[in-house]
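Chemist: Mind looking at a prediction? Sequence and model below.
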Amino acid sequence: MKRILVEELKPGMRFTKEVMIDSSNVLAGANVPIQESDIKRLMKWGISEVTTEGQLLTGAAGGSSVAISEQFNKVLDDYNVLISLKDQLIEVHTRTVKEVSRIHTAIRNDRMFNIQELTKCVEDIYNLIRQNRNVFLFVQRQENEKDTMAVHSVNSAIYAMVIGLTLEYSRSKVKDLGIGVLLINAGMVQIPLYIVNKEGDLNERELQQIKSHPVLGYQVLKNLGNISEDIAQISLQHHEQFNGGGYPKRLKGIEISEAARIASVADNYEAMVEKKSYRPRHFYYTAMKQLVATGARKFDPVILRIFISILSVYPIGSLVELNNKKIGVVIGTIKDNPLRPIVKMVRDEKGERVKGVEIINLVEEFDLFITQTIDEYKAGINLSELF
Ligand SMILES: [Fe+2]
């Protein structure tokens, strides 16, 4: 009989014979990998050692559990990197919004502009998303910034750049994509504000004016900013739809540049999650469901699928309630387990703030599952305090 100290146990370990907690209780059957949750349970019960008649097995069969545990650790590492990047993201976001506003003002006044500063901002954003793609989690939190059109462009550009990175674009290609999406509203700033901000239905003349913004944007980028053809095309084509139902040219499928197809997904998603004067923002889960519902016709299906996989079913930052009535915030997802993310608990079953750090990996906690997503505003939880 071999005694094994609980602190020596590692997830994924398996033995040729069963591992016993005591003479009648089995921890893991023969050849069955020990789970992280098993080890936690032993620690919780104050059990310091287990026994087995078997030999420790090494090899690939226990790989899936080891892989889950490795991924879990990676999610935690990524999460810590993410937190450390928050201030930098907010700083570059604010700087980029200012720069886009400056360019919009130049366009409004029919003045030439350059994109030197904007390019620097895009480089800084690129360096951040290279470190952790999930930094987009923080972009929705910048509600103090007043220029909503510039904020929308910056947020959309960050989403687009993350898609570009996932498609393994080169550094310069991701940057061009970012600049193009940052300038997506170049035409919109030339349209009277009362039309842009109108809450009711637009009349035919107003609608035509709105629909002219891609062409206006393209022209102004070329004329006032000396912007390259590829980048200016993003503005020209960002309202084309994959099924040919968009404007201005009713282009179809791959007639639309790939960058513009990415811009379209990013622009539409951002429009759904942004706060409007006449409604609070949709939260991620609703926005994504809506995107999927309309997406089959409007968007490039491959790009849409990639974007959905980046956000996951429960995007990082979603608040979820578990069947034990506790509320947590999603901090990551293990590959192929989109419905069972890793959750950091924030409220206990009585609605009290959770003290200390409690992180649950739903892939390994078989008794727990998500019952619903929670709107942070309705729940009175300010997510920016949690990150
Ligand atoms: Fe637009």
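Modeler: Structure's in. What do you need?

Chemist: hang on, residue 220 packs against residue 190?
Modeler: Yes: with contact defined as Cβ atoms under 8 Å, residue 220 counts as touching residue 190 (6.9 Å). Where C-beta positions appear, they are placed from N, C-alpha and C, glycine not excepted.

Chemist: Residue 222 belongs to a helix, doesn't it?
Modeler: Yes: Residue 222: assigned to a helix according to DSSP: H, G, I helix; E, B strand; the rest coil.

Chemist: Could I get the contacting residues of the closest residue to residue 227 other than its chain neighbours?
Modeler: Spatial nearest neighbour of residue 227, excluding adjacent residues (Cβ to Cβ, 6 or more residues apart in numbering): residue 221 at 4.0 Å. Counting by Cβ atoms under 8 Å, 6 or more residues apart in numbering, residue 221 makes contact with 183, 186, 227, 231-232, 235.

Chemist: higher neighbour count, residue 220 and residue 190?
Modeler: residue 220 (25 against 18; other Cβ atoms under 10 Å).

Chemist: before we move on, the earlier item: which neighbours do residue 220 and residue 190 have in common?
Modeler: residue 107.

Chemist: pLDDT wise, what is residue 378 at?
Modeler: You'll see residue 378 listed with a pLDDT of 72.

Chemist: count of residues packed around it?
Modeler: Neighbour number of residue 378 under other Cβ under 10 Å is 10.

Chemist: same thing with residue 109?
Modeler: Neighbours around residue 109, by other Cβ under 10 Å: 9.

Chemist: list the contacts for the closest residue to residue 100 other than its chain neighbours?
Modeler: Distances taken as Cβ to Cβ, 6+ apart put residue 150 closest to residue 100, at 4.1 Å, once the chain neighbours are dropped. Residue 150 makes contacts with 97-98, 100-101, 104, 185, as judged by Cβ under 8 Å, 6+ apart.

Chemist: just residue 53 next, same as before
Modeler: Residue 53 neighbours (Cβ under 8 Å, 6+ apart): 1-2, 17.

Chemist: Which of these fall within strands?
Modeler: Here DSSP state E is the test, and the contacts of residue 53 give residue 2 as lying in strands.

Chemist: and the residue nearest to residue 227, how far is that from residue 229?
Modeler: The spacing between residue 221 and residue 229, counted by Cβ to Cβ, to the nearest Å, is 10 Å.

Chemist: what's the residue nearest to residue 100 sitting at in phi/psi?
Modeler: When read as degrees, to the nearest 10, the backbone of residue 150 gives phi -70, psi -40.

Chemist: how about low-confidence regions in the stretch 1-150 of the chain?
Modeler: Counting by pLDDT under 70, the stretch 1-150 of the chain has low-confidence residues at 58-66, 140-145.

Chemist: And the strands in it?
Modeler: 2-5, 14-15, 19-20, 26-28, 49-52, 56-57 (DSSP state E, counting those that start in this stretch).

Chemist: Distance of residue 193 relative to residue 148?
Modeler: 11 Å.

Chemist: what about those two, which has more around it?
Modeler: residue 148 (15 against 11).

Chemist: does the more buried one really touch residue 197, like I thought?
Modeler: No: taking contacts as Cβ under 8 Å, residue 148 lies outside contact range of residue 197: 9.2 Å.

Chemist: number of nearby residues for residue 70?
Modeler: 14.

Chemist: need the longest helix for the chain.
Modeler: helix 63-108 (DSSP state H).

Chemist: That one - contacts with which helices or strands?
Modeler: With contacts taken as 3 or more Cβ pairs under 8 Å, 6 or more residues apart in numbering; DSSP states H and E, helix 63-108 sits against helix 36-45, helix 116-131, helix 148-166, helix 213-225, strand 327-332, strand 342-347, strand 359-361.

Chemist: can you list those in a markdown table and add distance to residue 70?
Modeler: As requested, the helices and strands packed on helix 63-108 are exported to a markdown table (distance: least, Cβ to Cβ, whole Å):
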| stretch | distance to residue 70 |
| --- | --- |
| helix 36-45 | 11 |
| helix 116-131 | 20 |
| helix 148-166 | 21 |
| helix 213-225 | 46 |
| strand 327-332 | 13 |
| strand 342-347 | 13 |
| strand 359-361 | 12 |
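
Chemist: Among these, which comes closest to residue 380?
Modeler: strand 342-347 (9.9 Å; Cβ to Cβ).

Chemist: Just the CA coordinates for that closest one, please, in CSV.
Modeler: Output in CSV follows, covering the C-alpha atoms of strand 342-347 (Å, rounded to 0.1, in the frame of the first residue of the first chain):
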residue,chain,number,x,y,z
ILE,A,342,-13.8,30.0,-15.7
VAL,A,343,-15.6,32.3,-13.3
LYS,A,344,-14.3,34.6,-10.5
MET,A,345,-17.0,34.8,-7.8
VAL,A,346,-18.1,38.3,-6.9
ARG,A,347,-21.3,37.8,-4.8
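
Chemist: I'd like to know which elements it is packed against.
Modeler: Short answer (3+ Cβ pairs under 8 Å, 6+ apart): strand 342-347 packs on helix 63-108, strand 319-322, strand 327-332, strand 359-361.

Chemist: And those: which comes nearest residue 211?
Modeler: helix 63-108 (18.3 Å).

Chemist: and the angle from the closest one to helix 213-225?
Modeler: 70 degrees (axes from the mean of the first three to the mean of the last three Cα atoms, to 10 degrees).

Chemist: relative to helix 116-131, how tilted is helix 63-108?
Modeler: Using the same axes, to 10 degrees, helix 63-108 lies at 170 degrees relative to helix 116-131.

Chemist: if we can go back for a sec, nearest to residue 261, of the contacts of residue 221?
Modeler: residue 235 (13.7 Å).

Chemist: Where does that closest one fall, secondary structure wise?
Modeler: helix 229-237 (DSSP states H and E).

Chemist: Show me what counts as buried in that helix.
Modeler: Residues of helix 229-237 classed as buried under the neighbour-count rule (16 or more other Cβ atoms under 10 Å) are 231-237.
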